[in-house]
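Asker: Sequence below, structure please.
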Amino acid sequence: MADYRDPTPITPIEPDYDVSKVPSEIKRYADFTRTKKDGLATREAMARSAEIAGLISKEANDRSKELGDQFQEVIDETTGKDVISAPEIIAARNNEANLKTRLDKENQEVTAQLAQTEQEFNEKYPVSPSVVSAYWEAPTQPSARFGDQGAFASGFSITANQVINNLFEPMRNQNPNYITRLNKGKDESGEYDWWRYEFTPPQYEKTLILGAGLHGGETGSTLGLYLFLKELVDNWETSSQLSYLRNKVRLIVIPVQNPWGMSQDPKTRQNSRGVDLNRNFDYKWSAFPTQNPFDHEYKGTGAISEIETRYIVDTLEQYRDAIAYLDFHNIGADSANYVLYTPKLQNAPKAMYRQLIEHFRTPTQNIKWGEVDNPAGFIYAAERFGMHASNPEFGDGIWGDKYDSSEMTKYVEWYGNVIMQHAALTTQAKSEKLIQPFVNRAIYNHTAAPGIVFPAGANNVDTYQELQDLRMEFDVPSNGIVMVKGEITIAGNTLAENTQSFITPIVAQTPTEFSIDNKRNLFWEVYCEGMRRQTIPFSAEIPVYPTSRDIGKAVVGLFARTVSGSITVYRYRVSATFIPSDRGQTVTIFDATGRFGQGIGAMQRILPGDGRSSNI
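Answerer: Down below sits the predicted model:
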């Protein structure tokens, strides 16, 4: 099995300080640190930092005591004498105006020396994501079985309100500068509040979204996540991995994603309307089999039909730059100690998952890893937002009695290491693959009357209408450009040569400035005269943004009108090419209309920017 820790050993050199002068308490702490299961370099760095800090602290204490003793001797020597001119006092001042000034000055020097040492250490041993990638061993956790000594809750009977009020709220109240919460509203039953917590370091570098309790009967997922977060909040200073999470990673936590299901007796997998929320997301929802309410995988009446699903989608959209969405579950079957489901998508980070599984797999520990492709929340997060996403599950009743101390310890260790491995990532999954350009093509051939005809009217732009049969729509995967090129073949019912026909390509995305409501666009409008059969080419291009709840699909089509007579469409051909681009300004349009005769300079930019884009 490969070793996934830092492969570079620390150079075995002697410390550049006198180890014998390190205070015994600090030395014992340093030796204890070296035995921790982090990488060798991390352990040695932490040990040396402790020894250096202890040495400087001891020097400062010795110096302070020496000065105090000297000061006391001066007081004893000068009692009853001229204290202003006594030789001992003069010596103690050390050329300062008085003794207090000297003591203050030397205290400032010691403080500055400590700060300089800390800065040099941080520069030499910076905290980085590689620290958190080392595997972590969880300390013993309390039982979640009432009747067991030290039990903190009952995994069998706990309700959503008890999770919030008895577990998460005390933790938040003790850490108000680190933990905040938001009530998104009531669940589908109207009985239970849906809470979201935010663990925010002052200078975080990345964001992870953590959810539990999506299936109401799986309270172990909520309790295991809670115990890990409590370990993070209370004991982050004892572990380099926890320290990195505490100082560099913002955690968006949804402790109970299905509060009604968790609060029932017996608890239910589904929400109050009988929907399996983990089959209710807008990813291949239509293709998933239809069942009945409260069936095991009932997907609901429509994608994102449930308010709990909507709250999760809102969270994913609000924190769309998150590195990962991890949806924790537990499984009652004893088929595996640990279970990991990942999306069956090309850009899933399989290497990281393989390493995680190899670390936990032993002759006595069975791990199940499956790739799935259904309307689950974590797959939706991966496909729609490009997040790393997985569904880690814990096998109940294998390590001990369900929810006892041994099981809760393993819960915390499994969940904690999954979180830490994702915290070591630096980009979203979508950033690790190149989104390729693609082309969508649409065609139409006239077969029988009346077919598609232009709307007729006076020479008025208000008579423009969309030829709706020609509309094409598609999702946009990232920022980029949609370029449209096409041609349309038309003919009229008379041979009148003075009739004019106009078309304007539709290239739109709502609610951007290129809206479907803009019926006439001088940038792209073309026209022809007469009723004879003729082919008119057209083209257009717009900047586009990733399709989401707030940003619609790209729309390609035609607006048309004719001054008189009847115009029939005989052929229509169009290609819409998507080109991904991270450039901020992807399309620039220049116009010389109204400035003829001005020569160089007549062609001026009108998009983006100078207020003359009223036709958009």
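Asker: hey, let's count contacts and neighbours off CA atoms from now on
Answerer: Fine.
Asker: The most centrally placed residue in the chain in helix, strand or coil?
Answerer: Closest to where the C-alpha atoms of the chain average out (C-alpha atoms, centre = their mean) is residue 322, at 0.9 Å. Here residue 322 is coil, with the state taken from DSSP: H, G, I helix; E, B strand; the rest coil.
Asker: nearest residue to it other than its sequence neighbours?
Answerer: Nearest residue to residue 322, sequence neighbours excluded (C-alpha to C-alpha, 6 or more residues apart in numbering): residue 207, at 4.7 Å.
Asker: check contacts around the one you found.
Answerer: 249-252, 319, 321-324 (C-alpha atoms under 8 Å, 6 or more residues apart in numbering).
Asker: follow-up on the earlier one: pull up the gap between the residue nearest to the centre of the chain and residue 390, please.
Answerer: If you measure residue 322 against residue 390 using C-alpha to C-alpha, to the nearest Å, the figure is 14 Å.
Asker: Next: residue 546.
Answerer: Applying C-alpha to C-alpha to residue 546 and residue 390 gives a distance of 22 Å.
Asker: The two: who's more crowded?
Answerer: Neighbours per residue (other C-alpha atoms under 10 Å) separate residue 546 from residue 390, with residue 390 holding more: 25 against 18.
Asker: Apart from its chain neighbours, what residue comes closest to the more buried one?
Answerer: Using C-alpha to C-alpha, 6+ apart, the closest residue to residue 390 is residue 342 (4.7 Å).
Asker: possible to save the contacts of residue 207 as JSON lines with pLDDT and distance to residue 192?
Answerer: What follows is the contacts of residue 207, written out as JSON lines (pLDDT from 0 to 100; distance: C-alpha to C-alpha, whole Å):
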{"residue": "249", "pLDDT": "96", "distance to residue 192": "29"}
{"residue": "250", "pLDDT": "97", "distance to residue 192": "26"}
{"residue": "251", "pLDDT": "98", "distance to residue 192": "23"}
{"residue": "252", "pLDDT": "98", "distance to residue 192": "20"}
{"residue": "319", "pLDDT": "96", "distance to residue 192": "24"}
{"residue": "321", "pLDDT": "92", "distance to residue 192": "29"}
{"residue": "322", "pLDDT": "96", "distance to residue 192": "27"}
{"residue": "323", "pLDDT": "94", "distance to residue 192": "29"}
{"residue": "324", "pLDDT": "95", "distance to residue 192": "27"}
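Asker: Who are the packing partners of the helix or strand where residue 485 lies?
Answerer: Per DSSP states H and E, residue 485 falls inside strand 480-492. Packing partners of strand 480-492 (3 or more C-alpha pairs under 8 Å, 6 or more residues apart in numbering; DSSP states H and E): strand 534-544, strand 567-580.
Asker: Assumed residue 605 was part of a helix.
Answerer: No: looking at residue 605 with three-state DSSP, it is strand, so not inside a helix.
Asker: For it, which residues are in contact?
Answerer: Contact analysis of residue 605 by C-alpha under 8 Å, 6+ apart lists 588-591.
Asker: again with residue 478
Answerer: Applying C-alpha under 8 Å, 6+ apart, we find residue 478 in contact with 435, 544-547, 580-581.
Asker: now, which of the residues you listed sits nearest residue 264?
Answerer: In terms of C-alpha to C-alpha, no member of those lies closer to residue 264 than residue 547, at 37.5 Å.
Asker: With mean pLDDT and distance to residue 311 added, can I get the helices and strands packed on strand 480-492 in JSON lines?
Answerer: As requested, the helices and strands packed on strand 480-492 are arranged in JSON lines below (pLDDT from 0 to 100; distance: least, C-alpha to C-alpha, whole Å):
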{"stretch": "strand 534-544", "mean pLDDT": "91", "distance to residue 311": "26"}
{"stretch": "strand 567-580", "mean pLDDT": "94", "distance to residue 311": "30"}
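Asker: In a markdown table: the ones you listed, plus mean neighbour count and distance to residue 103.
Answerer: Rendered in a markdown table, the data for the helices and strands packed on strand 480-492 read as follows (neighbours: other C-alpha atoms under 10 Å; distance: least, C-alpha to C-alpha, whole Å):
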| stretch | mean neighbour count | distance to residue 103 |
| --- | --- | --- |
| strand 534-544 | 19 | 67 |
| strand 567-580 | 20 | 65 |
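Asker: Figure out which of these is closest to residue 504.
Answerer: Closest approach to residue 504 among these (C-alpha to C-alpha): strand 534-544, 8.0 Å.
Asker: by contact count, what packs against that closest one?
Answerer: Secondary elements touching strand 534-544 (3+ C-alpha pairs under 8 Å, 6+ apart): strand 480-492, strand 500-508, strand 526-529.
Asker: Any stretches of the stretch 101-250 of the chain with poor pLDDT?
Answerer: Within the stretch 101-250 of the chain, the stretches with pLDDT under 70 are 114-133.
Asker: Can you show me the helices along it?
Answerer: Counting by DSSP state H, counting those that start in this stretch, the stretch 101-250 of the chain has helices at residues 129-132, 160-162, 169-174, 219-235, 240-248.
Asker: Counting by contacts, list what the shortest one packs against.
Answerer: In this structure, helix 160-162 makes packing contacts with helix 259-263, judged by 3+ C-alpha pairs under 8 Å, 6+ apart.
Asker: Show the average pLDDT along the helix or strand that the helix it packs on is followed by.
Answerer: Later in the chain than helix 259-263, the nearest helix or strand by DSSP H and E is helix 307-318. Regarding helix 307-318, the rounded mean pLDDT is 96.
Asker: Neighbouring strands of the next helix or strand after helix 307-318 in the sheet, and parallel or not?
Answerer: Downstream of helix 307-318, the next assigned helix or strand under DSSP H and E is strand 324-331. Strand 324-331 sits in its sheet next to strand 206-212 (parallel), strand 388-395 (parallel), going by DSSP bridges.
Asker: Residue 360 is nearest to which of those strands?
Answerer: Among the strands paired with strand 324-331, strand 388-395 comes nearest to residue 360, with 12.4 Å by C-alpha to C-alpha.
Asker: And stretch 397-406, end to end?
Answerer: 10 Å.
Asker: neighbouring contacts of it?
Answerer: The contact list for stretch 397-406 (C-alpha under 8 Å, 6+ apart) reads 140-145, 148, 155, 220, 332, 334, 337, 396, 407, 410.
Asker: Highest neighbour count among those?
Answerer: residue 220 (28 neighbours).
Asker: Quick check, that one in contact with residue 330.
Answerer: Yes: between residue 220 and residue 330 there is a contact under C-alpha atoms under 8 Å: 6.1 Å.
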